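Participant: Give me coordinates for this.
(4 chains, ligands or ions: 6)
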Amino acid sequence: MGLDVVWAERWVRRTAEAVAGAKDELTELDRQIGDGDHGENLHRGFQAVIAKLDEPDAPERTEVGDVLKLVATTLMSKVGGASGPLYGTAFLRAAKRSARPEVDTSGVVVLLEAALEGVTSRGKATPGEKTMVDALTPAVEAANAAVEAGQGPVEALRAAAEAADAGALATVPMVATKGRASYLGERSAGHEDPGARSTALILAAALDAALAGADGE
Amino acid sequence: MGLDVVWAERWVRRTAEAVAGAKDELTELDRQIGDGDHGENLHRGFQAVIAKLDEPDAPERTEVGDVLKLVATTLMSKVGGASGPLYGTAFLRAAKRSARPEVDTSGVVVLLEAALEGVTSRGKATPGEKTMVDALTPAVEAANAAVEAGQGPVEALRAAAEAADAGALATVPMVATKGRASYLGERSAGHEDPGARSTALILAAALDAALAGADGE
Amino acid sequence: MKKLLDDPADAVVDSLTGFGLAHADVVEVHADPVHVTRAGGPVAGKVGLVSGGGSGHEPLHAGFVGDGMLDAAVPGAVFTSPTPDQILPAIQAADAGAGVLTIVKNYTGDVLNFETAVELAEAEGVEVASVLVNDDVAVEDSLYTAGRRGVAGTVLVEKIAGAAAVRGDDLAGVAAVAERVVANVRSMGVALTACTVPHVGRPSFDLGEDEVEIGIGIHGEPGRHRVAMAPAAEIARSLLDPVADDLGLADGERVLLLVNGMGGTPLSELYVVYGRARRLLTERGVTVSRSLVGNYVTSLEMQGASVTVLRLDDELQELWDAPVRTAALHW
Amino acid sequence: MKKLLDDPADAVVDSLTGFGLAHADVVEVHADPVHVTRAGGPVAGKVGLVSGGGSGHEPLHAGFVGDGMLDAAVPGAVFTSPTPDQILPAIQAADAGAGVLTIVKNYTGDVLNFETAVELAEAEGVEVASVLVNDDVAVEDSLYTAGRRGVAGTVLVEKIAGAAAVRGDDLAGVAAVAERVVANVRSMGVALTACTVPHVGRPSFDLGEDEVEIGIGIHGEPGRHRVAMAPAAEIARSLLDPVADDLGLADGERVLLLVNGMGGTPLSELYVVYGRARRLLTERGVTVSRSLVGNYVTSLEMQGASVTVLRLDDELQELWDAPVRTAALHW
Ligand SMILES: Nc1ncnc2c1ncn2[C@@H]1O[C@H](COP(=O)(O)OP(=O)(O)O)[C@@H](O)[C@H]1O
Ligand SMILES: Nc1ncnc2c1ncn2[C@@H]1O[C@H](COP(=O)(O)OP(=O)(O)O)[C@@H](O)[C@H]1O
Ligand SMILES: [Mg+2]
Ligand SMILES: [Mg+2]
Ligand SMILES: [Mg+2]
Ligand SMILES: [Mg+2]
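Facilitator: Numbers count the residues shown, from 1 in each chain, chains lettered A, B, ... in the order given. Ligands and ions are numbered 1, 2, ... in the order given. Reported below is the predicted structural model:
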């Protein structure tokens, strides 16, 4: 089983569902250390993505990158806030590096690496600054380790999703030095970063989509 | 014992004390059906009256009317709101009719009648409109009855004070048709009129002052 | 109660002091007795305009002192009419020999205190005319009340009468223009929250979490009736309809639409209400040719808004457009 | 949550629609993508000015579109930066061939979205310069943060850069004036209450009945520290001192003092704070030669205020005094 266009579309739809379900949770996290709009921002963005996906006369999408590019441009034009351009650039770079019908194990790593590079090139955050980078960085590392251990693409996604979840949780004690939460200084400690949490959600959706495909769903 | 300048000054001081003590109660009544400032208005006014009374080089006051005139002009210039000119005019008319060293029983009636006339000439309220008129009108009638029954000035004041208190209580079920409370229509019923209550306080203070004098206090 | 104040008892004076410092080019603030006059004194030959009332409605009235509007304003204690000893010097300061028009909102307290002051001013030889503003249609039956209250329409009366005075109208003329505005302006307001008078320290009435009070006054006094919170379009309708009906607005007429904030409502919400009210007027065939949206006649930090409609003709519109240079209105 | 809105999801668009109708002589509101341009289009030969950011700060920025200030404004969702597809057409509409200056408040979201839009605009052949406003001294150590935020000082940058553009400065010149304002303006704010984002429906942070939050941002985000409610004089000091210290204001200098309301605070309280802040400046030997008091850069219905000081010289003061004709600033 490969990670093809069907997987990519399914990933996007699962993400939209996951974001819809977690909207209030994300907003509450952002309310604690930001401005309380992260859930709404992402929800607005992914609803727009789904609307684009469902457009009847859209050109046929044959490559994984086609789907990711649609996500990228839609998030960039619909989300606003910090997360819009950051996720937008992440998906845009990932799209460029996945311009083929199917992504294999090392393709997963390439895709995630490109996404991380997109986020850091725009946002200039390094690990430990309490941002989405703290979920994405361990995800890339874990996927890499899976490849080196000779595992398949689904296992690589599983490793990435689990590492992102752990990475998001690990932001709790951090003191933010990037993004809005940085204004709180020490008071930002004790709360999970909303962007790190949403990154974990997105990667969990990628795994779900792959598992659903494997089950023939 | 007569109601002389000493009585008049004592009346004013007792009123100031009574108003200070009832400030919150009056304000709460006004909050229910008005704009919540009656206690503060009267308190501000009578504090100013006391300051005037205490001025060291004030001309000697020999007539009851001298004291009442000081109250009138001070209330007019310091209270504002509806109650300022109404009480101001009441005391001014009362002052004019008590331009003598001492007030006897019928003098009490004349004084109260003049006050009532002052309020109605300015405010155009008739009994039953849920205003201070509903305390002052029965007070005048009761004092009159005391005179006709041959009672003394202190008894006349007692009758007036008791009637004013009953009159204030009787405003509770009334629907206001004058003053701010009138804007509430039916909703003004069920609350005592703050101005009627303050009138009852003022007349109770007049009685207190007379009793204190009678006790040689 | 959390307010940016020092001693609540000094709230009015402290605020006026800051106001005077910030706008020294436009106004002069006098401390004893408290009143505000136009910087530079009265304009020779021009009818003087004086208004006043309880404080807590800022920028009304002091914010409207200046070229093209008021010559003096008299702020009382919060929600309490000023006293005659404040009003008298304001009238005298505004008099340049052509007489003075006092613009009084119809509240028993304001009426009685201005009446007394006018008597005193006339005794001092000042010619005075008075106009009573009573634009609040929330007060339905003036037979059973102290009469309709003066609310946000006051700012329109002050602006337009001010322009008539600058134009050179005599006292009777300025008064007639002011009366014409009064005759053609109606308002109605809604409160989402009550307000808290500084020295009282608790809200002026109690309002449930999901209730609004329709027909609110501007003194923290409750309104006509209490209803469940509703969308802006519905609230706009419950304010605009009684106003337009009372004015008897007909298809083809032209109006000024003022959506006024009560102090604590963000501008963004006022524009939502404005858009809704305007649509309702358009549906009636009425053209909105002039507009004003903002906090002009407030109730401290109350959340809420009022809708005011003034029927316009060429003259009133021209007087509205005439230049004005005050702290709060400026064009 | 009680707000004068219809569907909270449409709050921004509904409000802008009303705004556009009320000020059709000054602005044009575009719906898709949402942006606001000056009525009459760009002025030939003049540098165009564009600003934007999350909504909820009204009248910022749309209220400052008009002669002498902005050529276009781009409102995002409430407290959320606008997107590049909104910003791009605003930049294009503001361009009259002399290039465009974008004025961006320093928030990660605004910076990133404007950056993207500017790249796109440049690709379309528009010459663009950008200035970042970061006047909020509450953010102490920019090494450990996203840098100082842009708050109320933004309105001063927009006004003064706007006047420079009208004067005929070229793009580099207008940008230099804007940078000079940024270099000389500092602000700090306090919140008495939190605000509620319409689609969130609950306050953006929790604040006790007797607490205030010092160093508040304008996005409902908490501030530097929480202290017990205090008199206005004390609060004014805790805002003014860090501002004046950071500016390094010296005896004999001249400034513009802006006391800005956060949306839910009555004007009367802002003047109290103004009076206190002004006294503190006077005590430092600093002359307040220009003033602005009112709700200009708000946080929805938040109660609170900010104090902004701009060091003036003859040129900046002259540009401040230059005529302006927008919905929210007019002289
Ligand atoms: N410089 C940055 N680099 C990486 N991620 C960032 C940066 N700044 C902010 N973020 C992420 O963005 C998230 C906030 O997104 P969102 O709430 O949508 O935008 P905004 O902060 O503009 O309201 C934060 O939780 C953080 O993970
Ligand atoms: N027309 C009137 N005639 C007599 N008394 C009146 C009239 N209008 C108001 N009052 C009295 O004044 C009282 C309110 O006084 P106060 O609260 O001090 O003034 P305001 O209503 O201006 O705030 C009422 O309770 C009522 O008794
Ligand atoms: Mg956010
Ligand atoms: Mg009262
Ligand atoms: Mg009152
Ligand atoms: Mg945001």
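Participant: Return the residues in contact with residue 161.
Facilitator: By default, I'm working from chain A. A:139, A:200, A:203-204, A:206-207 (CB atoms under 8 Å, 6 or more residues apart in numbering or on different chains). (Glycine included, C-beta is placed from N, CA and C.)
Participant: meant chain C, my bad for not saying
Facilitator: Counting by CB under 8 Å, 6+ apart, residue C:161 touches C:49, C:101, C:103, C:131, C:174-175, C:177-178, C:181.
Participant: The closest residue to it other than its chain neighbours: which element?
Facilitator: Of all residues not flanking residue C:161 in the chain, residue C:178 sits nearest, at 4.0 Å (CB to CB, 6 or more residues apart in numbering or on different chains). Residue C:178 is part of helix C:171-184 when elements are defined by DSSP states H and E.
Participant: Report the distance from whichever helix or strand comes after that helix to the chain centre.
Facilitator: Downstream of helix C:171-184, the next assigned helix or strand under DSSP H and E is strand C:185-191. Distance of strand C:185-191 from the chain centroid (CA atoms, centre = their mean, to the nearest Å) equals 11 Å.
Participant: Could you see whether chain D lies near the next helix or strand after strand C:185-191?
Facilitator: For strand C:185-191, the succeeding helix or strand toward the C-terminus, using DSSP H and E, is strand C:211-214. Yes: interface with chain D: strand C:211-214 contributes residue C:212 (CB under 8 Å from any CB of the partner chain).
Participant: buried ones in whatever helix or strand comes next after strand C:211-214?
Facilitator: Heading C-terminal from strand C:211-214, the first helix or strand you meet, by DSSP H and E, is strand C:225-228. Using 16 or more other CB atoms under 10 Å in any protein chain shown as the test for burial, strand C:225-228 gives C:226-227.
Participant: and stretch C:131-145, what's its mean pLDDT?
Facilitator: The average pLDDT within stretch C:131-145 is 84.
Participant: and the end-to-end length of it?
Facilitator: One end of stretch C:131-145 to the other measures 19 Å (CA to CA, to the nearest Å).
Participant: Figure out how far that stretch is from the centre of its chain.
Facilitator: Distance of stretch C:131-145 from the chain centroid (CA atoms, centre = their mean) equals 15 Å.
Participant: One more: stretch C:58-76?
Facilitator: Relative to its parent chain, stretch C:58-76 has a centroid offset of 10 Å by CA atoms, centre = their mean.
Participant: which ones are touching the residue of chain A at minimum distance from ligand 5?
Facilitator: The nearest approach of chain A to ligand 5 comes at residue A:36, 39.8 Å away (CB to the ion). Neighbouring residues of residue A:36 by CB under 8 Å, 6+ apart: A:27-28, A:30, D:79, D:197, D:200, D:204, D:220.
Participant: could I get those residues as CSV with neighbour count and pLDDT?
Facilitator: Converted to CSV, those look like this (neighbours: other CB atoms under 10 Å in any protein chain shown; pLDDT from 0 to 100):
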residue, neighbour count, pLDDT
A:27, 26, 92
A:28, 17, 93
A:30, 31, 93
D:79, 33, 91
D:197, 29, 89
D:200, 24, 80
D:204, 26, 80
D:220, 27, 74
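Participant: among these, which are within reach of chain B?
Facilitator: Of these, not one also sits near chain B (CB under 8 Å from any CB).
Participant: Out of the contacts of residue A:161, name the ones that lie in helices.
Facilitator: Residues of those located in helices (DSSP state H): A:139, A:200, A:203-204, A:206-207.
Participant: Among those residues, which one has the most neighbours?
Facilitator: When neighbours are counted by other CB atoms under 10 Å in any protein chain shown, residue A:139 leads those with 32 neighbours.
Participant: OK, contacts around that one?
Facilitator: A:112, A:116, A:160-161, A:163-164, A:167, A:199, A:203.
Participant: Alright, calling it a day.
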